[in-house]
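1. dropping a prediction and its sequence here:
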Amino acid sequence: PGTFDGNIDGNGHTITYHSNNVVDLKDTIVVSREDTLFHLSTENDSTFSKGSALFETLSSASTISSLKLKVSFKVKGDNNYQNWFRTNLLLAGLAIENRGHIDGVELVELSTGFYAQGHQSQTVITAYGGIVGRNYGESAEIKNCKISAPIQFFDLGYKMAIFYGGVAAFNYSKISTCDANNKITLSFTSPDSSIAQIGGIACSSTSASTSVIDKCTSSFNVNISCSAGLCKGNIAGVVVCGRGKVEVDETKITATMSPDTFDGVKFSKVNCYNGGRG
């Protein structure tokens, strides 16, 4: 845990990151209820105090460029449940939070294995950001990045809330000229309604004054298998909840969902919910 404030030019090389546990975050991250889209608990906000990534925080002075990532999250969780944790999790390939500059990073592999599973009626969130968990701050910018990793999510037969954004789970700053070109598989077997929020570029981008998604493209496909027939969620080629500025060329958005209609799941090529600029 801690902050990185240096410069890395990967020169096109690949970093392989394997995480065998989550850690306590130095700085707790709070996501407002409106950014989760669902009334998940009696609390107003969702708090993330545990997570895993190559870095915890990239400072406003940091720059990371020209790098490929292969990421794996695999371990036993607490209470000896395989891969299970009893609290919200924020997971990312490169950094839990970016406040600096990321340019030309590609996620080429992501193996999911950490899941948050609440007690009884409690719903906790597993939030994955392909590159960062939260993009936040005046200097934060992510550009020219690509998501090409095929990704699978499972609910392990228990009700779960899975949030995913290809570049960032939660965007409060600027993401530009990034591309989501991958396949995502959702396999739900719980008799209760598991929740999925899947965005090709971001799960949410909701600050009307600072959130920007600009000139991004998406050709990802989400395949849903729900054996119990009970699923809820929102899937979007660019961003699930984009109340900030979202400017894309829709002719370059070819995201799809299979099957193309599914009870309880809303699909949009670009943006499922837009209450702000765009």
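-> On my side now, so go ahead.
2. rest of the way, CA atoms for contacts and neighbours
-> Noted.
3. low pLDDT regions in this protein?
-> For the chain, the stretches flagged by pLDDT under 70 are 1, 34-44, 75-83, 118-122, 191, 228-230, 274-278.
4. ok, longest strand in it?
-> strand 7-19 (DSSP state E).
5. would you put the C-alpha positions of it in PDB?
-> In PDB, the C-alpha atoms belonging to strand 7-19 read as follows (Å, rounded to 0.1, in the frame of the first residue of the first chain):
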ATOM      1  CA  ASN A   7       7.700   7.800 -14.100                       C
ATOM      2  CA  ILE A   8       7.600   4.400 -15.900                       C
ATOM      3  CA  ASP A   9       8.000   4.000 -19.700                       C
ATOM      4  CA  GLY A  10       7.400   0.400 -20.300                       C
ATOM      5  CA  ASN A  11       8.600   0.600 -23.900                       C
ATOM      6  CA  GLY A  12       5.900  -2.000 -24.900                       C
ATOM      7  CA  HIS A  13       7.000  -4.600 -22.400                       C
ATOM      8  CA  THR A  14       4.600  -6.700 -20.300                       C
ATOM      9  CA  ILE A  15       4.300  -6.800 -16.600                       C
ATOM     10  CA  THR A  16       2.700  -9.900 -15.000                       C
ATOM     11  CA  TYR A  17       1.000  -9.200 -11.700                       C
ATOM     12  CA  HIS A  18      -0.300 -12.000  -9.600                       C
ATOM     13  CA  SER A  19      -2.200 -11.100  -6.400                       C
END
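6. buried ones in it?
-> Neighbour-count burial for strand 7-19, counted by 16 or more other C-alpha atoms under 10 Å, picks out T14, Y17, H18, S19.
7. dump those to CSV, plus distance to L90.
-> Formatted as CSV, the buried residues of strand 7-19 follow (distance: C-alpha to C-alpha, whole Å):
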residue, distance to L90
T14, 23
Y17, 16
H18, 16
S19, 13
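8. for those residues, which one is nearest I131?
-> Y17 (12.1 Å; C-alpha to C-alpha).
9. for that closest one, give the beta-bridge partners.
-> With DSSP bridges as the criterion, Y17 is bridged to V71.
10. contacting residues around it?
-> L54, L69, K70, V71, S72, G93 (C-alpha atoms under 8 Å, 6 or more residues apart in numbering).
11. and C272, how far from G12?
-> Computed as C-alpha to C-alpha, to the nearest Å, the C272 to G12 distance reads 34 Å.
12. I misspoke; the intended subject was G100.
-> The value you get for G100 to G12, if C-alpha to C-alpha is used, is 20 Å.
13. again with G137
-> 27 Å.
14. over to N271?
-> 31 Å.
15. ditto for S187
-> Counting by C-alpha to C-alpha, the gap from S187 to G12 is 33 Å.
16. swap in A255?
-> 27 Å.
17. ok, so of the contacts of Y17, who is nearest S227?
-> Distances from S227 to the contacts of Y17, taken by C-alpha to C-alpha, are shortest for S72, at 26.3 Å.
18. show me the contacts for the closest one.
-> Neighbouring residues of S72 by C-alpha under 8 Å, 6+ apart: Y17, H18, S19, E109, L110, S111, T112, G113.
19. now do the phi/psi pair for the fourth one.
-> Dihedral angles phi and psi of E109 (degrees, to the nearest 10) take the values phi -150, psi 130.
20. tell me what it is bridged to.
-> Beta bridges link E109 to K70, judged by DSSP bridges.
21. just K266 next, same as before
-> Where K266 sits in a bridge, its partners, by DSSP bridges, are N234.
22. contacting residues for it?
-> Counted by C-alpha under 8 Å, 6+ apart, K266 has contacts G233, N234, I235, C272.
23. want to throw these into JSON lines with distance to L89 and neighbour count?
-> Shown next, in JSON lines, are the contacts of K266 (distance: C-alpha to C-alpha, whole Å; neighbours: other C-alpha atoms under 10 Å):
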{"residue": "G233", "distance to L89": "18", "neighbour count": "22"}
{"residue": "N234", "distance to L89": "19", "neighbour count": "23"}
{"residue": "I235", "distance to L89": "20", "neighbour count": "28"}
{"residue": "C272", "distance to L89": "24", "neighbour count": "19"}
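24. if anything else comes up later, I'll come back, but that's it for now.
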